[in-house]
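Enquirer: generate a structure from the sequence data that follows.
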Amino acid sequence: MNSATRTRTTARATARTTARARTQRAAALTACAGALAYTISKVDLARDGELGMPGFPAPPEAYASISDVTTAQLGNAGLGLLMAVVALLLVRPPAAGWLRRGTVLVSWAGILMVGAGVLGFGARAAGLAPGLGATPPAMGAALAALAVGAVWVAAWAVAAVGATRTEPGRGRRAAG
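Expert: Predicted coordinates for the structure are as follows:
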């Protein structure tokens, strides 16, 4: 390989790495924004003393099992804040192997948890899961919450895959 070919090959590889880093950063920041939206919605519901999600009020019988709605929703808000921090760690995945693996593992657990919630609330909105509650009375708000959740899950998955596929400080496919 001559010098000019090597330079072009290196330039293309650098451009791919830079594009992957931008995608990684955008996906992680979008996931962080989704987690913060969840956090804010839970603080708002706590302030109003309500269970459920925006657009998805909890059935009346749900209140019987929760002694302090405000504390429960603020606990959910704390979980949302933790998910935002984990997503933020994926902007530039940690170089330490154990911290990187832990961040990715916690991310996948969060992705599965939030994804299951989006699917469950989607089934409720479509009337396919009456056991989860009635069809939402404010369908616009419910669909907006589902859209935010779907974008959050997708972005978080892209960021987690990106963190899994690159080696610390190298931006290339991991060897193992």
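Enquirer: neighbours around the residue nearest to G117 when sequence neighbours are not counted, how many?
Expert: Closest residue to G117 apart from its sequence neighbours, by CB to CB, 6 or more residues apart in numbering: G149 at 6.6 Å. Placement of C-beta: from N, CA and C, glycine included. Neighbours of G149 under the rule other CB atoms under 10 Å: 21.
Enquirer: same thing with G52?
Expert: 17.
Enquirer: and the gap between it and V69?
Expert: 10 Å (CB to CB, to the nearest Å).
Enquirer: for stretch 87-99, list the C-alpha coordinates in CSV.
Expert: C-alpha atoms of stretch 87-99 as CSV (Å, rounded to 0.1, in the frame of the first residue of the first chain):
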residue,chain,number,x,y,z
ALA,A,87,-27.4,7.5,30.1
LEU,A,88,-25.1,10.5,30.5
LEU,A,89,-22.2,8.1,31.2
LEU,A,90,-22.8,6.7,27.7
VAL,A,91,-21.9,10.1,26.1
ARG,A,92,-18.3,9.1,26.5
PRO,A,93,-18.3,5.6,28.0
PRO,A,94,-16.0,5.1,30.9
ALA,A,95,-12.5,3.8,30.2
ALA,A,96,-12.3,1.6,33.3
GLY,A,97,-13.5,-1.8,32.2
TRP,A,98,-15.6,-2.6,35.3
LEU,A,99,-17.3,0.8,35.2
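Enquirer: could you give the average pLDDT over that stretch?
Expert: When pLDDT is averaged along stretch 87-99, the result is 88.
Enquirer: now that stretch: buried residues?
Expert: 87-91, 93-94 (16 or more other CB atoms under 10 Å).
Enquirer: then stretch 24-44?
Expert: Under the neighbour-count criterion of 16+ other CB under 10 Å, stretch 24-44 has 24, 27-39, 41-43 buried.
Enquirer: okay, and which of those map to helices?
Expert: Judged by DSSP state H, the subset of the buried residues of stretch 24-44 located in helices is 24, 27-39, 41-43.
Enquirer: so which helix or strand takes in the residue nearest to G117?
Expert: helix 139-165 (DSSP states H and E).
Enquirer: quick one, helices of this structure?
Expert: Listed in chain order, the helices of the chain (DSSP H) span 3-48, 69-89, 97-125, 139-165.
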